[in-house]
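Peer 1: sequence and predicted structure below; questions after.
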Amino acid sequence: MAKLADTHALRGRLPLVRCAAAGAIALGALFVLCWIAAALGWANASHMYVSLFTLAPVGSVTALGAGLCWSLGFGALAGALIASAYNGLAFLER
């Protein structure tokens, strides 16, 4: 059974750092999965996602390193922007 303090936290503000970390982890994991698929030649579309973040050859370790760093950065930025927008629109609920 949820306590009152637990349900109150759901109606509050989204934590910016936690959303940024979640976005970074999600996009980082997606990038690694797409890189593996592209390196093994499994999926034709996965090399396009890898190409969004690096100019290095798709299956190379350089593409993995550079692309993962950019993917983590953009994931963190996306998560922070989503949390900021959600918190900024809180006045609509009142």
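Peer 2: Perfect, thanks for sending it.

Peer 1: next up, phi/psi of Ala80, please.
Peer 2: phi -70, psi -40 (degrees, to the nearest 10).

Peer 1: that one reaches Cys19, doesn't it?
Peer 2: Yes: proximity of Ala80 to Cys19 meets the contact threshold set by Cβ atoms under 8 Å, at 6.4 Å. All C-beta spots, glycine's among them, are computed from the backbone N, C-alpha and C.

Peer 1: can you give me the first-to-last residue distance of stretch 39-56?
Peer 2: 12 Å (Cα to Cα, to the nearest Å).

Peer 1: next one: it to chain centre, how far?
Peer 2: Taking Cα atoms, centre = their mean, to the nearest Å, the mean C-alpha location of stretch 39-56 is offset from the chain mean by 17 Å.

Peer 1: what does it rub up against?
Peer 2: 30-31, 33-35, 37-38, 58-59, 62-63, 66-68, 70-71, 74 (Cβ atoms under 8 Å, 6 or more residues apart in numbering).

Peer 1: can you rerun that using 10 Å?
Peer 2: With Cβ atoms under 10 Å, 6 or more residues apart in numbering as the test, stretch 39-56 has contacts from 27, 30-38, 57-74.

Peer 1: which parts of that stretch are buried?
Peer 2: Residues of stretch 39-56 classed as buried by neighbour count (16 or more other Cβ atoms under 10 Å): 39, 46-47, 49-50, 53-54, 56.
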